[in-house]
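Chemist: Coordinates only, no sequence provided:
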Ligand code: SF4
Ligand code: SF4
């Protein structure tokens, strides 16, 4: 099955999502500016999709939901998006990271530029790579244990309904608009590191990616190599952004696999490398995979909207009070 078209298709989808998220960010900016200026006539509503950038609020909302049986009305979209992304990872590996996440898109752009300029990408020594990869799991453990185990349910509900959480999206916007000092220096270092090293933020620091990687271990779809058809050219291993030695695998079980299809797209031996269900008989084509990624993601948000768990219940008067402080 020729899968060369998958990479242009995936990159197009990545950029559509990136542009859409920039559009949501711009709408939030205009909303905040108007509220702060008291210019409320004809004000366009705050875009609820920006809650995709609030995974901590989403996680707190999930615990609150488990305890109280209802999804909080403060940031319901954060809960819906978090659960949707986890569901996508359950079925389709960490495809969110390589098809939808804007950080993944920019990171991929950088290491590909780095490859063009430096004519190679580098990988830290194996021991260092392992140590660094542990950071994102420690961060994940910290967040999961703090929110799911340490924080009492009443404290979680209190935080979810707090003024701080109500404008968590605005705080995030202000943070990025006013970047300076140490946070700015860290971002610059990460950008520079992303030129020679493939996806250092996603690989070493992102606790969201760590969570999705663990969930994706049970995903039924996995890159599968047919030894009889493989000509051992090593191209799949070379192009893998997650540094997985694909050529040495029969089936890629790694939690680092981001489901990007680069290995499958670059393989020139017919039938050697495919995305297959368990049993190795049924292969999924790139177009079906792409439709599933986009369809499941949008489907999750549509279900959130239909069931009334999307739009925040925070009234405009509350935004006026909170942003006027
Ligand atoms: S790119 Fe294809 S043929 Fe080459 S090593 Fe990988 S699976 Fe085998
Ligand atoms: S194994 Fe293939 S699909 Fe997984 S990250 Fe590597 S190149 Fe992408």
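Modeler: That came through fine. Computed from a predicted structure; not experimentally measured. Ligands and ions are numbered 1, 2, ... in the order given.
Chemist: Report how many residues lie close to residue 323.
Modeler: 17 (other CB atoms under 10 Å). Yep, even glycine has a C-beta here, placed from its N, CA and C like the rest.
Chemist: Is residue 110 in contact with residue 194, as I believe?
Modeler: Yes. Contact criterion CB atoms under 8 Å: residue 110 and residue 194 qualify, at 3.9 Å.
Chemist: show me what contacts the single nearest residue of the stretch 101-250 of the chain relative to ligand 2?
Modeler: Residue nearest to ligand 2 within the stretch 101-250 of the chain: residue 240 (3.3 Å; CB to the nearest ligand atom). Residue 240 is in contact with 246, 262-263, counting by CB atoms under 8 Å, 6 or more residues apart in numbering.
Chemist: Now do residue 120, the pLDDT please.
Modeler: Turning to residue 120, the model gives it a pLDDT of 89.
Chemist: With residue 135 instead?
Modeler: 98.
Chemist: now the closest residue to it other than its chain neighbours, what's its secondary structure?
Modeler: For residue 135, ignoring the flanking residues on the chain, the nearest one in space by CB to CB, 6 or more residues apart in numbering is residue 204 at 5.4 Å. At residue 204 the chain is in helix, as set by DSSP: H, G, I helix; E, B strand; the rest coil.
Chemist: check whether the helix or strand harbouring residue 25 contacts ligand 2.
Modeler: Per DSSP states H and E: residue 25 is located in helix 6-37. No. Helix 6-37 stays clear of ligand 2 (CB under 6 Å from any ligand atom), getting no nearer than 9.9 Å.
Chemist: where's that helix relative to the chain centroid, distance-wise?
Modeler: Taking CA atoms, centre = their mean, to the nearest Å, one finds the center of helix 6-37 at 15 Å from the center of the full chain.
Chemist: Helix or strand next in line after that helix, which one?
Modeler: helix 55-68.
Chemist: If we go by neighbour counts, what in that next one is buried?
Modeler: Neighbour-count burial for helix 55-68, counted by 16 or more other CB atoms under 10 Å, picks out 55-65.
Chemist: The helix or strand following it to helix 55-68, inter-axis angle?
Modeler: Remark: after helix 55-68, the chain's next helix or strand is helix 76-92, criterion DSSP H and E. Relative orientation of helix 76-92 and helix 55-68, computed by axes from the mean of the first three to the mean of the last three CA atoms, to 10 degrees: 90 degrees.
Chemist: tell me the mean pLDDT for helix 76-92?
Modeler: 97.
Chemist: need the next SSE after that helix, C-terminal direction.
Modeler: Using DSSP H and E, the helix or strand that follows helix 76-92 in sequence is helix 95-99.
Chemist: what's the next secondary structure element after that next one?
Modeler: Toward the C-terminus from helix 95-99 - assigned by DSSP H and E - lies helix 102-118.
Chemist: That next one and ligand 2, any residue contact?
Modeler: No. Judged by CB under 6 Å from any ligand atom, helix 102-118 stays clear of ligand 2, getting no closer than 10.7 Å.
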